[in-house]
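Participant: Give me a model of this one.
(one chain, ligands or ions: 1)
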Amino acid sequence: MLDTLDPADPDFARDPYPYYARLRTTGPAARVALANGTEAWLVTGYRQAREVLADPRFSNVPPRAAGRPKPDSPAQRARGCLARHMLNTDAPDHTRLRRLTTAAFTPRRVDALRPRIERLTAELVADVAAGLAREGTADLVDAFAFPLPVLVIGEVLGVPAADRADLRTWTYRVGSPADALPAGAVDEAWTSLHAYFTALIAHKRRIPGDDLFSALIHDAGEGGLDDGELLAMAFLLLFAGYETTMNLLASASLLLLTHPRELAAARRGGPGAWAAVAEEALRHASPLEGTTWRRTTEEVDLGEGVVLPADASVLVVLAAANRDPQAFAEPDAFRPARYAAAGERGGDGTGGKAGERAAPHAAFGHGPHFCLGSRLARLEAEVALPMLFGEGSRMPELSLAADPALLPYRPGLLVRGPRRLPVRATPPGSTRTG
Ligand code: HEM
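Facilitator: Okay, the predicted model is just below:
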């Protein structure tokens with residue numbers, strides 16, 4: 001009898017870790033039945049997760065409409081078109097699509113965004129502080145974790161700021177299980193996204209800007225992107241660029257608000273300490289719970305008695321791999337010290353032996369599809385966290401204005417993070433508890 005998993009279950013969405021830990025006791029990958037009637041292999045072991053992501057016997061190309069109706073509705077056509085992006089391809093298509101975008105994400109290009117990110121963050125911090133003074137509480141997701149990455153990626157791509165609220169609604173919907181939303185909402189979102197990007201491409205063809213999207217449209221020489229690929233690329237960069245970073249900022253904030261000792265250590269530690277907080281938040285609360293789906297092109301022996309048959313649907317669960325006790329000491333504990341710089345780590349059971357940095361987490365994936373935006377995401381977190389929580393921040397001292405065990409989480413196996421994060425200003429002189 002197969003284990004059944006309902007990704008839309010709110011309790012599972014809030015805390016999927018006990019389920020994954022239990023699944024891991026049966027082996028590093030296990031076959032489960034999903035509530036929508038399909039069957040899949042979930043990979044929960046750290047070593048096996050990295051092996052699968054680097055192994056060409058696992059294909060990223062979705063099965064050719066197997067069992068699905070022909071794309072005969074506008075929503076199905078829109079979805080099919082936007083899904084033609086690099087995450088859904090294997091080499092050599094993948095190599096070509098990825099090469100076209102890597103120039104925009106070189107360390108030099110990304111680091112050059114720092115002053116702009118600092119300015120956007122300072123403006124948002126001032127807005128949140130003003131809101132707190134006025135209303136008494138604020139939602140850090142709505143007022144901070146969402147707008148910052150969407151402003152940043154919007155700027156990289158050249159998406160007008162006025163459109164960001166619509167884009168947020170649509171991408172939220174297409175990234176959620178359809179049965180967790182009102183009927184028709186997901187279809188409507190696919191159609192709207194397709195229409196939006198079609199219009200944006202037409203606009204940038206007429207009036208190019210100094211942005212990545214204009215460059216992709218106008219540099220389309222030999223080996224460049226056709227119109228369908230452009231649409232899909234725009235969708236991927238937008239979706240991958242902010243849904244994930246929004247959840248990193250929200251989850252890292254929640255972890256700091258509920259771990260006052262770690263917050264105090266970050267304040268004492270300087271820039272390296274905030275980077276370690278971001279790294280540990282990526283491991284502990286992986287913003288992409290699972291990667292995109294893979295399919296075995298032949299039978300694959302993963303070791304430890306697990307043999308995946310050919311043509312199996314496989315999901316690498318990054319959130320589970322990042323809590324594998326074989327790879328991380330005390331995996332459920334939030335301990336930024338395990339990623340602190342050499343010399344600042346102790347042999348205290350938080351990161352292995354004294355002086356040893358913990359294994360790299362798998363939150364940005366591994367292998368040929370390793371996250372293109374990892375440096376940008378890290379930069380945003382390293383700028384944002386001290387501006388929100390650091391000594392001398394213009395933000396008042398914050399505390400949670402809700403029971404953390406009751407916060408609603410995003411449903412589904414793809415993106416994970418709190419949907420709301422109500423905070424209030426802690427009155428001066430009162431001590432925070434966690
Ligand atoms: C905390 C934030 C982020 C996390 C946790 C994250 C995570 C990931 C992961 C796990 C993958 C691989 C998925 C797979 O193998 O199926 C990936 C791919 C990707 N990410 Fe990110 N990402 C983040 C931010 C960003 C940002 C800011 C961008 C910038 C636009 C970005 C762009 C991409 C792209 C384009 C890919 C596809 C790469 C390929 O197929 O070769 N990501 N990301």
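Participant: Check what pLDDT A220 gets.
Facilitator: Note on A220: pLDDT of 60.
Participant: Burial check on the closest residue to L82 other than its chain neighbours, number of neighbours?
Facilitator: Counting by Cβ to Cβ, 6 or more residues apart in numbering, L82 lies nearest to F235, which is 4.4 Å off, once chain neighbours are set aside. From N, CA and C alone the C-beta is placed, and that goes for glycine too. By the measure other Cβ atoms under 10 Å, the count of residues near F235 is 25.
Participant: gap between F235 and the ligand?
Facilitator: 10 Å (Cβ to the nearest ligand atom, to the nearest Å).
Participant: Next, the nearest residue to L407 once chain neighbours are set aside: phi, psi?
Facilitator: Counting by Cβ to Cβ, 6+ apart, L407 lies nearest to P418, which is 4.6 Å off, once chain neighbours are set aside. Backbone torsions for P418, taken as degrees, to the nearest 10, come to phi -70, psi 140.
Participant: how near is P418 to A13?
Facilitator: 10 Å (Cβ to Cβ, to the nearest Å).
Participant: residues shared between the contacts of those two?
Facilitator: Common contacts of P418 and A13 (Cβ atoms under 8 Å, 6 or more residues apart in numbering): P408, Y409.
Participant: Contact partners for the residue nearest to L407?
Facilitator: With Cβ under 8 Å, 6+ apart, P418 has these contacts: V141, A250, S251, L254, L407, P408, Y409.
Participant: Touching, the fifth one and R420? I think so.
Facilitator: Yes. Between L407 and R420 there is a contact at 6.4 Å, judged by Cβ atoms under 8 Å.
Participant: who has more neighbours, the two?
Facilitator: Counted by other Cβ under 10 Å, L407 and R420 do not tie: L407 has more neighbours, with 18 against 13.
Participant: pLDDT weak spots in the chain?
Facilitator: 64-71, 177-178, 220-224, 343-355, 428-434 (pLDDT under 70).
Participant: residues touching the nearest residue to L315 once chain neighbours are set aside, list them.
Facilitator: Leaving aside its chain neighbours, L315 sits nearest to G290 (4.6 Å; criterion: Cβ to Cβ, 6+ apart). By Cβ under 8 Å, 6+ apart, the contact set of G290 is L42, L315, V316, V317, L318, A319, L413, L414.
Participant: Then P331?
Facilitator: Neighbours of P331 in contact, by Cβ under 8 Å, 6+ apart: N322, R323, D324, P325.
Participant: ok, it to the ligand distance?
Facilitator: In terms of Cβ to the nearest ligand atom, P331 sits 18 Å off from the ligand.
Participant: Check the burial of R22 by counting its neighbours.
Facilitator: The number of residues packed near R22 is 12, by other Cβ under 10 Å.
Participant: That one: which element?
Facilitator: Here R22 is covered by helix 17-24, with elements defined by DSSP states H and E.
Participant: Need the contact partners of that helix.
Facilitator: When contacts are defined by Cβ under 8 Å, 6+ apart, helix 17-24 is touched by residues 3, 5, 12, 30, 32, 42, 44-45, 317, 319-320, 323-324, 332.
Participant: does L282 really touch P360, like I thought?
Facilitator: No. Counting by Cβ under 8 Å, L282 stays clear of P360, with 10.0 Å between them.
Participant: show me the contacts for the residue in the chain that the ligand sits nearest to.
Facilitator: Here the chain gets closest to the ligand at one residue, G373, 2.0 Å apart by Cβ to the nearest ligand atom. When contacts are counted by Cβ under 8 Å, 6+ apart, G373 touches F105, A240, G241, T244, T245.
Participant: Which of the residues you listed fall in helices?
Facilitator: The helices, defined by DSSP state H, take in A240, G241, T244, T245 from the contacts of G373.
Participant: who wins for neighbours among these?
Facilitator: Highest count within those by other Cβ under 10 Å belongs to T245, 27 neighbours.
Participant: circling back to that earlier point, considering only the ones in helices among the contacts of G373, which also neighbour the ligand?
Facilitator: Contacts with the ligand within those, as defined by Cβ under 6 Å from any ligand atom: A240, G241, T244, T245.
Participant: what's around the closest residue to A78 other than its chain neighbours, how many residues?
Facilitator: Distance criterion Cβ to Cβ, 6+ apart; nearest residue to A78, sequence neighbours excluded, is H194 at 3.5 Å. Residues near H194, counting by other Cβ under 10 Å, number 22.
Participant: Can you tell me the SS state at H194?
Facilitator: helix (DSSP: H, G, I helix; E, B strand; the rest coil).
Participant: do A275 as well
Facilitator: helix.
Participant: just F213 next, same as before
Facilitator: Look at F213: counting by three-state DSSP, its state is helix.
Participant: ok, it touching G158?
Facilitator: Yes. F213 is in contact with G158 according to Cβ under 8 Å; the separation is 4.8 Å.
Participant: which of those two has more neighbours?
Facilitator: Per other Cβ under 10 Å, whichever of F213 and G158 has more neighbours is F213, with 24 against 19.
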